[in-house]
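A.B. asks: Next come a sequence and a model predicted from it.
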Number of protein chains: 4
Amino acid sequence: MSIKCGIVGAAGFAGIELVRVALRHPEFELVAVTSNELAGTPVAKEYPCFTGATDLAFSRHDDPVLDQCDVVFLAVPHTAAMAMAPRIVDRGGVVVDLSADFRLKDPAVYERWYKVPHTQTELLKRAAFGLPELFPDDLIAAAQQRKEGKGAVVGCAGCYPTATTLAAAPAVRLGLVDDKAPIVVDAISGVTGAGKKATARTHFCFANENLEAYGVATHRHTPEIEQILGVSDRLVFTPHLAPLNRGLLSTVNLPLAAEATRDVTKIVESYKEFYRDSAFVTVLDAGVMPKTSSVVGTNCAHIGLAVNERVGMLIAVGAIDNLCKGAANQAVQCANIVFGLPEDLGLDKVAVPV
Amino acid sequence: MSIKCGIVGAAGFAGIELVRVALRHPEFELVAVTSNELAGTPVAKEYPCFTGATDLAFSRHDDPVLDQCDVVFLAVPHTAAMAMAPRIVDRGGVVVDLSADFRLKDPAVYERWYKVPHTQTELLKRAAFGLPELFPDDLIAAAQQRKEGKGAVVGCAGCYPTATTLAAAPAVRLGLVDDKAPIVVDAISGVTGAGKKATARTHFCFANENLEAYGVATHRHTPEIEQILGVSDRLVFTPHLAPLNRGLLSTVNLPLAAEATRDVTKIVESYKEFYRDSAFVTVLDAGVMPKTSSVVGTNCAHIGLAVNERVGMLIAVGAIDNLCKGAANQAVQCANIVFGLPEDLGLDKVAVPV
Amino acid sequence: MSIKCGIVGAAGFAGIELVRVALRHPEFELVAVTSNELAGTPVAKEYPCFTGATDLAFSRHDDPVLDQCDVVFLAVPHTAAMAMAPRIVDRGGVVVDLSADFRLKDPAVYERWYKVPHTQTELLKRAAFGLPELFPDDLIAAAQQRKEGKGAVVGCAGCYPTATTLAAAPAVRLGLVDDKAPIVVDAISGVTGAGKKATARTHFCFANENLEAYGVATHRHTPEIEQILGVSDRLVFTPHLAPLNRGLLSTVNLPLAAEATRDVTKIVESYKEFYRDSAFVTVLDAGVMPKTSSVVGTNCAHIGLAVNERVGMLIAVGAIDNLCKGAANQAVQCANIVFGLPEDLGLDKVAVPV
Amino acid sequence: MSIKCGIVGAAGFAGIELVRVALRHPEFELVAVTSNELAGTPVAKEYPCFTGATDLAFSRHDDPVLDQCDVVFLAVPHTAAMAMAPRIVDRGGVVVDLSADFRLKDPAVYERWYKVPHTQTELLKRAAFGLPELFPDDLIAAAQQRKEGKGAVVGCAGCYPTATTLAAAPAVRLGLVDDKAPIVVDAISGVTGAGKKATARTHFCFANENLEAYGVATHRHTPEIEQILGVSDRLVFTPHLAPLNRGLLSTVNLPLAAEATRDVTKIVESYKEFYRDSAFVTVLDAGVMPKTSSVVGTNCAHIGLAVNERVGMLIAVGAIDNLCKGAANQAVQCANIVFGLPEDLGLDKVAVPV
């Protein structure tokens, strides 16, 4: 099989990581990489790591080659994605969207957090949620739609929601979590999470040797995490920025239900059972905490668990690479499933050891 | 006034920062810096930033010069500190201890968390808690004892407790916080917090480009934070390590009491009033979050506040330099007070801007 | 004495470091800080480390308060500095310029490297070269001019020239260096050297975990270094960028004259003698190499020396903080001298130890 | 083909990178990874990035499984390697040695720089020099020996020599370089180059935010570089340490012969021709300088060239990943050739873009 593949918004950090993965993928043929800003520039000029590896140059977002693509990855801002998706799906193509446009099931929630109306509510209804370990059926349904020539759209989970809910969802679904008390999530991201745009925030000298919280009580990943976990107005989510390139760690504080076990070893076993068939998620042994460096550059997630018995709290910590499992590589994992390929095809599982 | 000053355990990270501050202090005369491991080595050889600034060499912990010191700072591990303190206090000297030995008021709590009995319970009763903004009377009492020739002992607050409780205590003391729900604290520290010992954890290549949680549900600063805030078995505290040298950020999630205001502007005003006379604590305007880089190298703490109205949670974020306000400089602030000096004498308040 | 002081271009990295130093200086009264871009913004809003320390806000470059300043520091790009200087000098004020406009003695050399004509050649003739350890007489002459009410102008040495020539000049002046062979200088700078502007080069994610050379064979500090050392067309200078904020290391390869000693201990002694009276320059013992971390935040320079006997090469390595001895603090050192104050007044000499 | 492969000294930084590459290699079967210190510990416990990827545990260096290996990589200190090599070669196995034991052709030079006698001078005579782009015939000869059942030994080039000579050798071999003047090499390495051992030098807090030179005039890679370039007592080599994990940049200052061209475009063309068939070496266009981040994690080398016409100097800058092209991946490239495989089999060529 050779799957013609286009990447819209390929010059940003998620987009260029997609380029890297698509070029390595044994079944993908990368035919279009777009960036309105850099149209005409060779990829290898903007990102010299591709020197000798590809002659592709960025084209504009309206590149007609996209019309021939079996799959188009959208790594553009929200609203831009939903403007582009219908044309692709209507001709039977597959859209894998990395923006927020096809994540939130309720258009009213989308409008509340993103301050714009959702203009593709019909497409939104069909959209698969792109977090394969938690919503496998969504992607199977999308695969079926594709087979039937109807096209398909996947709204990939965000970076914080991915790390957070991979760590939290098993406990919630297994009924271990109190169904009223707040869930506090404090997460830390590397600076690639702040995007490619050169700003005061992303300036080396301001980001380096600094820690800060941002988007406190207002970050748009909040409703997405609540939707995945099936909770309402219970999430307190604070993201933080730390001086590293890649890596995202989410520390999830889950209040245990009165009747739930406090035995962390049992909880670890339940989690291992939950992710038994997962190619990418590893639950660490009780007492072992994940390091983001162990998953950087890969589609893997590592999860560590501890119980605070005094307070009755499960602390679940998830580590991912924000650009990989948190964005580009997870998008390819989703595409693999939609095209009936092994979900791990072309995706790295072993980080550089140091 | 010339206050003769000794530093025991001067070669570690807190100890050597004390050396730096003591040398700049207009009223201190630094006469002894000890390190059993480096005895005989000039300070400037181990730490070349002191080249030309001091001819002092490390001596052993039993250096008789310590017996002539007006104040001895103890930057040694717990248990070592309480073994050394009585000799100093008994002759009317002042001990400023940076270990945990004189922090926890209840010896049983000390024994539970540190797994050793407390051997100086009488001295512990007199010990002032070294966090001047929250326990000014403790230090005034110690100053009085010193004046009366009885010596004094100060047990300085730990780094995480300092950042955490400076951010949380006003809300708690003002009755804004629910008195039953858990308080979740997720904090991040630079690698100086892990100490000078060269280990796998402190190796550049393992700490760099990595994020991880540690001491989950077991960190010994937990009971100290609970003691300061006056709460029992309600704290869930998770520290994290990030790749920077200095800096500590504590994000405190405080469940608001049912009747408490949700208006962050009002809460900010209350906090500003609370710290009105503080030389070192700044409460940032509503919506502004602190950066650790803004306080690095200084004894300052910056506090940011936000309210999550959906959940009824106050998020209070405190930023300090873990070696300064979190250790050495706060110790000097305490000593200043005990000796009747302005509390900010010899202490920096302006970080390098970049 | 209270010296009224203004800083033009105060929002950039050198400018804001000047603000920090000026605020600490016991004889300076900082009355104007200008930035056309940030006019109206409080300094503490743009750089939160100044919170509580100053209420100053940036004003425009044409702020009339500058006309009342005893000394005006110019931290603006070249050409802008020489446009502003005459007005200040003409009324008897002192200009301390951090740009390149008053460094190169020969206007033709200036024009060749900076591609614009020099428009203030008369003022250039009077300008003192601001590198006190190597050109003390220049500054003494400027002090005399100031006393006589004629005003004065100092063209401060650049960052690379400062580190390079402090390491190289003693050997050259002592006749140790071959007078024909090339002098190769490879230097490394932290990212503050690339300035405050947010660009692809200064983006955290591109600067972090990267090393690169830049300005190879074309860097404008080349003629300045040649001028200081008194050599022509013999310098090969390559600057490099490394992932740290502050710090500049210059490795200077000096071909030894045939008759010169190869005994590094003797050369070290000559250097120590050369800098005997220097408040800021330390020559390390033979075999010890400087670390930039030992001088960061201070006006100090550390110099290490080694001899490659096989090839007959002296390797002289200089370490400074590029924003301090390489810019702002050296500017204050120069101002101190021009105003007859101790050269080290208000300037730090001890870096944070870790 | 399935090549049984062992790695001795697999727990160090070069060794563990070898483990990563060997596990991905389509023709290698990794059967033994040894570390006396960590014998019995699962690889994935010491390096959690291997969780789920291998069940191998470290065994001792005398693991009998090594006797069944077709190829044994030695990532042990010098002298240890030459003690182990004969046993493997004598039974027809292939040794790929990453230590210095089989690099220097002249045992007297080895003894002078390493202060121990060479005990395997016969094996040394047969040893191929492991730098395929510059010494392809050596590896072809080794391949032939292997085929004939005589075993083979490859002494892989060191990290600094690889980056330095890939940048310098074309100019030297093409006769562009003056044959008497000194060649000055200033190189910068990330901290993985300092090894896994936790020391003051590798402590995060001392390596971070610091630059320093080390091994000035004494570094053992000096004679290796001279041997490769075919020069005697003309090299001045100074390595530097900078705060990043992986990456090595070597700036080579080559004095041009009087009659050699000064036209950098022509020199770039010659270099491109020189490396025309190379799978891994890229010569950048005139005026473009390499970034280490562009090759990190790969076996690639990027080379940038500039001419200083004033002085008549060619500046050639080489960028590699010190653990990849500078160690483990180059070792696999050598093994590929010795076993008659494509030289790039199993080796990455595209770095993560950011």
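C.D. replies: Everything's here; your move. Numbers count the residues shown, from 1 in each chain, chains lettered A, B, ... in the order given.
A.B. asks: what ranges do the helices span in the stretch 151-300 of chain A?
C.D. replies: All helices of the stretch 151-300 of chain A, identified by DSSP state H, counting those that start in this stretch, fall at A:159-173, A:204-207, A:221-229, A:264-274.
A.B. asks: what pLDDT does residue A:1 get?
C.D. replies: pLDDT for residue A:1: 69.
A.B. asks: And residue A:287, by the same measure?
C.D. replies: On the pLDDT scale, residue A:287 gets 88.
A.B. asks: picking up where we left off before, mind putting the helices of the stretch 151-300 of chain A in TSV, mean pLDDT, mean neighbour count and distance to residue A:74 included?
C.D. replies: (C-beta placed from N, C-alpha, C; glycine too.) Output for the helices of the stretch 151-300 of chain A, formatted as TSV (pLDDT from 0 to 100; neighbours: other CB atoms under 10 Å in any protein chain shown; distance: least, CB to CB, whole Å):
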stretch	mean pLDDT	mean neighbour count	distance to residue A:74
helix A:159-173	98	27	16
helix A:204-207	98	26	27
helix A:221-229	98	24	17
helix A:264-274	98	18	30
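A.B. asks: how about JSON lines for the ones you listed, with distance to residue D:69 added?
C.D. replies: Shown next, in JSON lines, are these (distance: least, CB to CB, whole Å):
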{"stretch": "helix A:159-173", "distance to residue D:69": "39"}
{"stretch": "helix A:204-207", "distance to residue D:69": "45"}
{"stretch": "helix A:221-229", "distance to residue D:69": "48"}
{"stretch": "helix A:264-274", "distance to residue D:69": "34"}
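A.B. asks: and of those helices, who's closest to residue A:284?
C.D. replies: helix A:264-274 (7.9 Å; CB to CB).
A.B. asks: Could you list every helix and strand that the closest one packs against?
C.D. replies: When contacts are defined as 3 or more CB pairs under 8 Å, 6 or more residues apart in numbering or on different chains; DSSP states H and E, helix A:264-274 sits against helix A:159-173, strand A:281-283, strand A:301-308.
A.B. asks: could you redo the last one with a cut-off of 10 Å?
C.D. replies: Under the contact criterion of 3 or more CB pairs under 10 Å, 6 or more residues apart in numbering or on different chains; DSSP states H and E, helix A:264-274 touches helix A:159-173, strand A:281-283, strand A:301-308, strand A:313-320.
A.B. asks: The third one to helix A:159-173, inter-axis angle?
C.D. replies: Orientation of strand A:301-308 against helix A:159-173 (axes from the mean of the first three to the mean of the last three CA atoms, to 10 degrees) gives an angle of 50 degrees.
A.B. asks: separation between residue A:129 and residue A:105?
C.D. replies: According to CB to CB, to the nearest Å, residue A:129 and residue A:105 sit 8 Å apart.
A.B. asks: what do these two both touch?
C.D. replies: Taking CB atoms under 10 Å, 6 or more residues apart in numbering or on different chains as the criterion, residue A:129 and residue A:105 both touch A:155, A:224, A:227.
A.B. asks: Include distance to chain D when you put the residues you listed into a markdown table, please.
C.D. replies: Below are the shared contacts of residue A:129 and residue A:105 laid out as a markdown table (distance: CB to the nearest CB, whole Å):
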| residue | distance to chain D |
| --- | --- |
| A:155 | 24 |
| A:224 | 24 |
| A:227 | 29 |
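A.B. asks: Out of those, flag the one nearest to residue B:169.
C.D. replies: residue A:224 (33.7 Å).
A.B. asks: Enumerate the residues of the stretch 51-200 of chain A near chain D.
C.D. replies: Residues of the stretch 51-200 of chain A lying near chain D by CB under 10 Å from any CB of the partner chain: A:51-54, A:191-192, A:196.
A.B. asks: Which one of the helices and strands packed on helix A:264-274 lies nearest to residue B:337?
C.D. replies: strand A:301-308 (35.4 Å).
A.B. asks: mind exporting the closest one as CSV, just the C-alpha atoms?
C.D. replies: Backbone C-alpha positions of strand A:301-308 (Å, rounded to 0.1, in the frame of the first residue of the first chain) are rendered in CSV as follows:
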residue,chain,number,x,y,z
ALA,A,301,3.5,7.1,27.4
HIS,A,302,4.8,6.1,30.8
ILE,A,303,2.5,6.1,33.8
GLY,A,304,3.5,6.1,37.5
LEU,A,305,1.1,5.6,40.4
ALA,A,306,1.2,6.4,44.1
VAL,A,307,-1.5,6.5,46.8
ASN,A,308,-1.5,9.1,49.6
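A.B. asks: can you narrow the residues of the stretch 51-200 of chain A next to chain D to ones near chain C?
C.D. replies: A:191-192, A:196.
A.B. asks: any idea which of those is closest to chain D?
C.D. replies: Distance to chain D across these (CB to the nearest CB) is lowest for residue A:192, with 6.0 Å.
A.B. asks: How many neighbouring residues does that closest one have?
C.D. replies: 30 (other CB atoms under 10 Å in any protein chain shown).
A.B. asks: quick one: which of the helices and strands packed on helix A:264-274 is nearest residue C:268?
C.D. replies: Using CB to CB, those put strand A:313-320 closest to residue C:268, at 49.7 Å.
A.B. asks: quick one: average confidence on that closest one?
C.D. replies: pLDDT averaged over strand A:313-320 gives 98.
A.B. asks: Tell me what angle it forms with helix A:264-274.
C.D. replies: Angle of strand A:313-320 versus helix A:264-274, following the same axes, to 10 degrees, is 40 degrees.
A.B. asks: what about strand A:313-320 and chain B, any contact?
C.D. replies: Yes. Using CB under 10 Å from any CB, we find that strand A:313-320 touches chain B at A:313-317, A:319.
A.B. asks: Could I get those residues in CSV, plus columns for neighbour count and distance to residue C:88?
C.D. replies: CSV is the format used below for these (neighbours: other CB atoms under 10 Å in any protein chain shown; distance: CB to CB, whole Å):
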residue, neighbour count, distance to residue C:88
A:313, 24, 64
A:314, 27, 66
A:315, 26, 61
A:316, 30, 63
A:317, 26, 59
A:319, 33, 57
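A.B. asks: So what's the residue count around residue A:112?
C.D. replies: Neighbours of residue A:112 using other CB under 10 Å come to 11.
A.B. asks: Wait, it touches residue B:310, no?
C.D. replies: No. Using CB atoms under 10 Å, residue A:112 makes no contact with residue B:310, being 11.0 Å away.
A.B. asks: which neighbours do those two share?
C.D. replies: Shared contacts of residue A:112 and residue B:310, defined by CB under 10 Å, 6+ apart, comprise residue A:223.
A.B. asks: give me the low-pLDDT residue ranges for the stretch 1-150 of chain A?
C.D. replies: The model of the stretch 1-150 of chain A has pLDDT under 70 over residues A:1.
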